[in-house]
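>>> pasted the sequence and its predicted model underneath.
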Amino acid sequence: MKLVRKQRKGFTLIELLIVIAVIAILAAIAIPNLLASRESANEASAIGSVRTIDSAEATYRSRNANYTNLTTMGTAALIDPSVAAGSKSGFTLVATPGADTSGTSSDTKFFVTAVPSSTSSGTRAFYSDETGVIFTAEDDATSATAAPTTDSSGVAPTTGTWTQVGN
């Protein structure tokens, strides 16, 4: 007599658990890399925005004999509207016309800061001035918010630990 085995369709519980475990392992490997890539892209975008603002400030000064803020540069169509609004890729952007060491208004100084709006945006803050050299603060959020002042524009930042990114 021949035994007839019943054909089953589908997967067993063990097979499903193995597939779920493999997917979980792959996700555990991929998600941190994805988040690090996103943070790196946001920081690269912030550096690009600071460079764009530096160039726009130089253009504005050549036309008007002084530096200005983001709103005015946006109105003059020198920068993208999202940059003119002061926020891009999770960074808060500020461009400030400078003052000399006596506190009086100066047509020859400005500084730009890009500070992360949240820790998921990035961990570094960026600073530049009329020299076009970009600095970054990597130590902590206090040095990121304690950006250089208009009096220190044109010199390497001294508040916190700032290192040169590029020029």
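Thanks, I have the structure now. Nothing here was measured: the structure is a model prediction, and the numbers come from that model.

>>> hang on, Gln164 in a strand?
Yes - under DSSP: H, G, I helix; E, B strand; the rest coil, Gln164 falls within a strand.

>>> that one: neighbouring residues, count only.
Here the number of neighbours of Gln164 (other C-beta atoms under 10 Å) works out to 11. Any C-beta I mention is one placed from the backbone N, CA and C, and that applies to glycine too.

>>> ok, Ser120 next?
Neighbour count of Ser120, defined by other C-beta under 10 Å: 12.

>>> scan this protein for its longest strand.
As assigned by DSSP state E, the longest strand anywhere in the chain is strand 105-116.

>>> now that one: buried residues?
Buried residues in strand 105-116, counted by 16 or more other C-beta atoms under 10 Å: 106, 109-116.

>>> what's that strand packed up against?
In terms of contacts (3 or more C-beta pairs under 8 Å, 6 or more residues apart in numbering; DSSP states H and E), strand 105-116 is packed against helix 13-64, strand 91-99, strand 125-129, helix 141-145.

>>> picking up where we left off before, out of the buried residues of strand 105-116, the closest to Arg61 would be?
Nearest to Arg61 out of those is Phe110 (C-beta to C-beta; 8.3 Å).

>>> the residue nearest to that closest one when sequence neighbours are not counted: how many residues sit nearby?
Nearest residue to Phe110 in three dimensions, chain neighbours excluded: Tyr67, at 3.8 Å (C-beta to C-beta, 6 or more residues apart in numbering). Per other C-beta under 10 Å, the neighbour tally for Tyr67 reads 25.
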